[in-house]
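Student: Sequence first, then the predicted structure:
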Amino acid sequence: MALSPDEVERYARHLVLREVGGPGQARLRAARILVIGAGGLGAPLIQYLAAAGVGTIGIVDDDAVSLSNLQRQVIHSTPDIGRPKVESATDAVARLNPHVQVVAHPFRIDARSAQALAGDYDVVADGSDNFATRYAVSDACYRAGRPLVTAALGQFDGTLTTIRAHETGPDGRPNPTYRCLFPTPPPPGSVPACAEAGVLGALAGVMGSLMAMEVIRAVVGFGEPLVGRLLMVDARAMRFETLSYGWDAANPLSGTVPSES
């Protein structure tokens, strides 16, 4: 289906990019992206996916907007305090781009719901704030054969990588899983929650925007994704570094002796 005149004008700056153009914009319009969390990372991610013309955005979140969220969760505003985040985010997307459909999933994701949802979307983007959810989502994406873009925030630092564990790399070896990068979660209490440790609000915007770029590249098909590479951002020094990681034969998903996790 051809772009409407309104869409041609809306996406004009994409259409003139050789790497995107009409075919790439059509892929974005046909894409279904699942976003885990409408918080610090999910807020800018959802906004940029909507602005880019992603056809369907699924949003999973069971939380309500609070005043302390507004320092970084820019998709919500003061009148939204007390509303479910999925409702606030849905309204924000409608204001930004009426061509985008939002599917709200107002619940806390777990292993079962992650498995049920992952196969319904083309790419999953995880902006959750805990390891249990990250493991559940990454395992579900592997089993469903879906790419995963996953990021995390610290006080002044962030990380981002893309997982395509259902595929093989150029060398014929399996791509690494999330469990190859983080075999086990940190001990309980060793990583303080955002409410305790704090987080630089603008850093959430940087990392969420980088997530959107990875998702858009995955859909359109240009550039080199962060597969087997962990991007680390240090906001104190404004330093970007990349750490390479590989497939671990001992991982429980695609290892030499697979087991249920």
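Tutor: Great, that's in hand. Given the structure is predicted, the values throughout are model-derived calculations rather than measurements. Numbers count the residues shown, from 1 in each chain.
Student: unless I'm mixing things up, Leu41 is touching Ala204, no?
Tutor: Yes - Leu41 is within contact range of Ala204, at 6.0 Å (criterion: C-beta atoms under 8 Å). C-beta coordinates here come from the backbone N, C-alpha and C atoms, glycine included.
Student: Now for those two: what residues contact both?
Tutor: Leu153 (C-beta atoms under 8 Å, 6 or more residues apart in numbering).
Student: More neighbours: which of the two?
Tutor: Leu41 (34 against 26; other C-beta atoms under 10 Å).
Student: ok, the more buried one to Val74 distance?
Tutor: From Leu41 across to Val74, the span is 11 Å (C-beta to C-beta, to the nearest Å).
Student: Output the below-cut-off pLDDT ranges for the stretch 51-200 of the chain.
Tutor: 189-190 (pLDDT under 70).
Student: Run through the helices of it in chain order.
Tutor: Secondary structure of the stretch 51-200 of the chain (DSSP state H, counting those that start in this stretch): helices located at 85-96, 111-118, 131-144, 178-181, 194-197.
Student: could those helices go into CSV alongside distance to Thr168 and mean neighbour count?
Tutor: As requested, those are arranged in CSV below (distance: least, C-beta to C-beta, whole Å; neighbours: other C-beta atoms under 10 Å):
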stretch, distance to Thr168, mean neighbour count
helix 85-96, 35, 20
helix 111-118, 20, 18
helix 131-144, 13, 21
helix 178-181, 14, 22
helix 194-197, 36, 11
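Student: Pro252 is nearest to which of those?
Tutor: With C-beta to C-beta as the measure, helix 178-181 is the member of the helices of the stretch 51-200 of the chain nearest Pro252 (6.4 Å).
Student: What is that closest one packed up against?
Tutor: Packing partners of helix 178-181 (3 or more C-beta pairs under 8 Å, 6 or more residues apart in numbering; DSSP states H and E): helix 131-144.
Student: distance of Ser88 from Asp80?
Tutor: 4 Å.
Student: Find residues that contact each of the two.
Tutor: Taking C-beta under 8 Å, 6+ apart as the contact rule, Ser88 and Asp80 both touch Val65.
Student: Pull the contacting residues for Ala195.
Tutor: Per C-beta under 8 Å, 6+ apart, neighbours of Ala195: Ser68.
Student: For it, give its distance to Ile36.
Tutor: From Ala195 to Ile36 the distance is 19 Å (C-beta to C-beta).
Student: what does Leu70 give?
Tutor: 21 Å.
Student: Repeat that for Leu200.
Tutor: From Leu200 to Ile36 the distance is 22 Å (C-beta to C-beta).
Student: Equivalent analysis for Gly127, please.
Tutor: Gly127 is 6 Å from Ile36, where distance means C-beta to C-beta.
Student: what does Glu214 give?
Tutor: Per C-beta to C-beta, Glu214 is found 14 Å from Ile36.
Student: what do you get for Tyr245?
Tutor: In this view, Tyr245 and Ile36 are 22 Å apart by C-beta to C-beta.
Student: Please identify which of the two sits among more neighbours.
Tutor: Neighbour totals were compared for Tyr245 and Ile36, and Ile36 leads with 27 against 14 (other C-beta under 10 Å).
Student: these two touch, right, that one and Ser128?
Tutor: Yes - using C-beta under 8 Å, Ile36 makes contact with Ser128 at a distance of 5.1 Å.
Student: between the two, what contacts are shared?
Tutor: With C-beta under 8 Å, 6+ apart as the test, Ile36 and Ser128 both reach 109, 137.
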